[in-house]
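J.: here are the coordinates; sequence isn't available:
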């Protein structure tokens, strides 16, 4: 009897080809599009599209019909609101920069979808992510970086649990992106040349400041720009408008380039400095997650990525204290951003990661 797998189909080329590949491998494949858009008018979601839009449902349905698998739409609005949108808003209000894709992966695309799929008798869920899964010598499951270097999505999957990984398939992780589009074209799939979504899916116009105001019903409070010594040098539009490392949109005429160094929600201040002030030698991470390893040890060496596009920097674990850990980089890194993830690797395998609390300079 064929193993049953539920494929999360977003209407894009990657998840479409994932469904096709699994069917070719002999799995009993069911396509599911997750209904996560909130109370948007139908015409607006259709117009703006993205993986949250109604057009995504239609694209997924067409692909499913072409490759001969059933397709369903499942409602995950409530969990998406609570675990992604509410989290997104709360983090900005606290002066941090959230990563909604990581939250969505863990709590919606995996936790909620997997639970629903297992209840329906499925053995696995599958996605179109560019990564793969292996079972390590210690018996733990781990994410491995994709063969497609520029599309590798392992960073955004670091907090998946062992149970989730055990029931997950990632069939496109061993392919380059160009090959995935070629397969889609060879099979006549209508999404073969559909562009990749670049925005936050629930903010298709990428204006997150407008979104925050609409979601909370209030405008961000203005406050002071201060320099690294605490001197007031101007007024800002509200801390939700800024992130560490930002240069554009500050509207400060100081005669030289300046950058956001720190955001202080407790005093409603945005700290401004020069380029060298944005670099950190170490960082503190909390909410530690474990994947290929079940612990981090003082003195441990590994590669750390502090953002999706980061190539990574070697670091050393300085201290571990309960659910937090301090690491020291071999070379300074730019714009360590509270709220973002730091993900640890060894030989292209994800060891785990955590949430960045703060970056430290040489004097800290």
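T.: On my side now, so go ahead. Just so you know, these numbers come straight off a predicted model, no measurement behind them.

J.: what is the burial count for the nearest residue to residue 209 once chain neighbours are set aside?
T.: Computed as CB to CB, 6 or more residues apart in numbering, the closest residue to residue 209 that is not its neighbour in sequence is residue 241, at 5.8 Å. Yep, even glycine has a C-beta here, placed from its N, CA and C like the rest. Here the number of neighbours of residue 241 (other CB atoms under 10 Å) works out to 19.

J.: contacting residues for residue 241?
T.: Listed by CB atoms under 8 Å, 6 or more residues apart in numbering, the contact partners of residue 241 are 209, 220, 249.

J.: hmm, which of these are the buried ones?
T.: Neighbour counting by 16 or more other CB atoms under 10 Å classes 209, 220 among these as buried.

J.: show me where pLDDT drops low in the stretch 251-364 of the chain?
T.: Low-confidence segments of the stretch 251-364 of the chain (pLDDT under 70): 362-364.

J.: can you show me the strands along it?
T.: Taking DSSP state E, counting those that start in this stretch as the test, the strands found in the stretch 251-364 of the chain are 259-264, 269-273, 279-290, 301-305, 313-321, 324-334, 341-346, 349-360.

J.: now those strands in JSON lines, with distance to residue 7 and mean neighbour count?
T.: Output for the strands of the stretch 251-364 of the chain, formatted as JSON lines (distance: least, CB to CB, whole Å; neighbours: other CB atoms under 10 Å):
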{"stretch": "strand 259-264", "distance to residue 7": "40", "mean neighbour count": "21"}
{"stretch": "strand 269-273", "distance to residue 7": "44", "mean neighbour count": "21"}
{"stretch": "strand 279-290", "distance to residue 7": "25", "mean neighbour count": "20"}
{"stretch": "strand 301-305", "distance to residue 7": "27", "mean neighbour count": "19"}
{"stretch": "strand 313-321", "distance to residue 7": "35", "mean neighbour count": "15"}
{"stretch": "strand 324-334", "distance to residue 7": "36", "mean neighbour count": "17"}
{"stretch": "strand 341-346", "distance to residue 7": "25", "mean neighbour count": "25"}
{"stretch": "strand 349-360", "distance to residue 7": "22", "mean neighbour count": "22"}
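
J.: these: which one's closest to residue 141?
T.: Residue 141 lies closest, by CB to CB, to one member of the strands of the stretch 251-364 of the chain: strand 349-360, at 10.2 Å.

J.: give me the angle between that closest one and strand 279-290.
T.: Angle of strand 349-360 versus strand 279-290, following axes from the mean of the first three to the mean of the last three CA atoms, to 10 degrees, is 130 degrees.

J.: how close does the residue of the chain positioned farthest from its centre get to residue 84?
T.: Residue distances from the centre of the chain (CA atoms, centre = their mean) peak at residue 255, which lies 36.4 Å from the mean C-alpha position. Counting by CB to CB, to the nearest Å, the gap from residue 255 to residue 84 is 42 Å.

J.: can you check residue 76 too?
T.: Per CB to CB, residue 76 is found 10 Å from residue 84.

J.: more neighbours: which of the two?
T.: Counted by other CB under 10 Å, residue 76 and residue 84 do not tie: residue 84 has more neighbours, with 25 against 21.

J.: mind listing which of the contacts of residue 241 are in helices?
T.: Judged by DSSP state H, the subset of those located in helices is residue 209.

J.: which of the contacts of residue 241 scores worst on pLDDT?
T.: Looking at the contacts of residue 241 by pLDDT, the weakest one is residue 209, with 87.

J.: that one contacts residue 240, doesn't it?
T.: Yes: between residue 209 and residue 240 a contact is recorded at 6.5 Å, counting by CB atoms under 8 Å.

J.: which of the residues in the longest helix belonging to the chain are buried?
T.: Counting residues, the longest helix in the chain under DSSP H turns out to be helix 54-67. Judged by neighbour count using 16+ other CB under 10 Å, the buried positions of helix 54-67 are 54-57, 59-61, 63-64, 67.

J.: same check on stretch 22-34?
T.: By neighbour count on 16+ other CB under 10 Å, the buried set for stretch 22-34 is 22-23, 27-34.

J.: any chance of a markdown table for these, columns secondary structure and pLDDT?
T.: What follows is the buried residues of stretch 22-34, written out as a markdown table (DSSP: H, G, I helix; E, B strand; the rest coil; pLDDT from 0 to 100):
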| residue | secondary structure | pLDDT |
| --- | --- | --- |
| 22 | helix | 98 |
| 23 | helix | 97 |
| 27 | coil | 97 |
| 28 | strand | 97 |
| 29 | strand | 98 |
| 30 | strand | 97 |
| 31 | strand | 97 |
| 32 | strand | 96 |
| 33 | strand | 94 |
| 34 | strand | 92 |
